[in-house]
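S.K.: sequence and predicted structure are below.
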Amino acid sequence: MHDYIATFFTHYDALRFANDLRGRGTAVRLSPVPRSLSSSCGTCARFAFEGEERELDRAGLEQLVRTDSGRYLPVIDNR
């Protein structure tokens, strides 16, 4: 299982993403985007996920990074 941060183009996209993951049994926390990551809306989703990362790519997702010892490893970039 890895920890991820997802950023979004709009706040609504962040809410939809979080609700979708929660519906699949994944705990999600919405928070401000870390300064070193850019975001159009300023809201990110933080969560732990085990599975295929491409399952997380959907409309409204700006970028997805995997966190590892304080580093951000790019996974998906839709900017």
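M.R.: Great, that's in hand.
S.K.: now the helices for this structure?
M.R.: Secondary structure of the chain by DSSP state H: the helices cover 11-23.
S.K.: any weak-confidence spans in it?
M.R.: The chain contains residues with pLDDT under 70 at 39.
S.K.: ok, the residue of it most remote from its centre to P32 distance?
M.R.: The outermost residue of the chain, judged by C-alpha distance from the chain's mean C-alpha position using C-alpha atoms, centre = their mean, is S69 at 17.1 Å. Distance, S69 to P32, by C-beta to C-beta, to the nearest Å: 21 Å. Every C-beta, even on glycine, is put in place using the N, C-alpha and C of the backbone.
S.K.: got it, and D20?
M.R.: Taking C-beta to C-beta as the measure, D20 and P32 are separated by 21 Å.
S.K.: okay, the two: which has more neighbours?
M.R.: Using other C-beta atoms under 10 Å as the criterion, D20 and P32 rank with D20 on top: 14 against 9.
S.K.: list the residues that contact that one.
M.R.: With contacts defined as C-beta atoms under 8 Å, 6 or more residues apart in numbering, the neighbours of D20 are R58.
S.K.: ok, now how distant is A59 from Y12?
M.R.: Using C-beta to C-beta, which is the criterion applied here, A59 is 11 Å from Y12.
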